[in-house]
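1. Sequence first, then the predicted structure:
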Amino acid sequence: MELEKSMEHHTKGIFLDDIRFPSDLTHYISKEELVPYLLTNWTVIRNYQDFVAYISKNGIPSIISFDHDLGVNLDNTEAESGYDAVKYIVDFIIEQQSQVFPQVLCHSQNPVGKANILAYWNNFIKAIDKG
């Protein structure tokens, strides 16, 4: 009973990934990194366009986990990436003058893409903190 209570889903979040589900992360991230994935009620979104539509309709959730590589478009061109999505969130916050700042995670297996997503977000947060 006590363990069940500690594993309740407390937050709502977006899991942006073209193929994986949050449960897939148990295969490649550490137990410490896995905790927020277990405690979040995820809405899985598969592409940038649906991500933008979701945010436009529902606002910013309390947590977002990004994959970098989001596949290809129907016309065989490379799709917008998780990096494009994190830039959209920053622009959305600025344009809406929002005070909602989600927790940003990146579960991408692309190390350069992951570093770019987290650096973009962290630089934004540092700029906000400086005023």
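-> Received it, and whenever you're ready, just let me know what you need.

2. show me where the protein has helices.
-> Secondary structure of the chain by DSSP state H: the helices cover 2-6, 31-38, 48-58, 82-96, 111-130.

3. Who are the packing partners of the fourth one?
-> Using 3 or more CB pairs under 8 Å, 6 or more residues apart in numbering; DSSP states H and E as the contact criterion, the secondary-structure elements in contact with helix 82-96 are helix 48-58, strand 63-66, strand 103-106, helix 111-130. Where you see a C-beta, it was placed from the backbone N, CA and C, and this is true even at glycine.

4. got it, and the longest one?
-> Here helix 111-130 touches helix 82-96, strand 103-106, going by 3+ CB pairs under 8 Å, 6+ apart.

5. tell me the angle that helix makes with helix 82-96.
-> Calculated by axes from the mean of the first three to the mean of the last three CA atoms, to 10 degrees, helix 111-130 forms an angle of 20 degrees with helix 82-96.

6. you'd agree I125 is up against P102?
-> No. Applying CB atoms under 8 Å, one finds I125 not in contact with P102, separated by 10.8 Å.

7. how long is stretch 36-44 end to end?
-> End-to-end distance for stretch 36-44, by CA to CA, to the nearest Å: 15 Å.

8. what comes up buried for that stretch?
-> Using 16 or more other CB atoms under 10 Å as the test for burial, stretch 36-44 gives 36-37, 40, 42.
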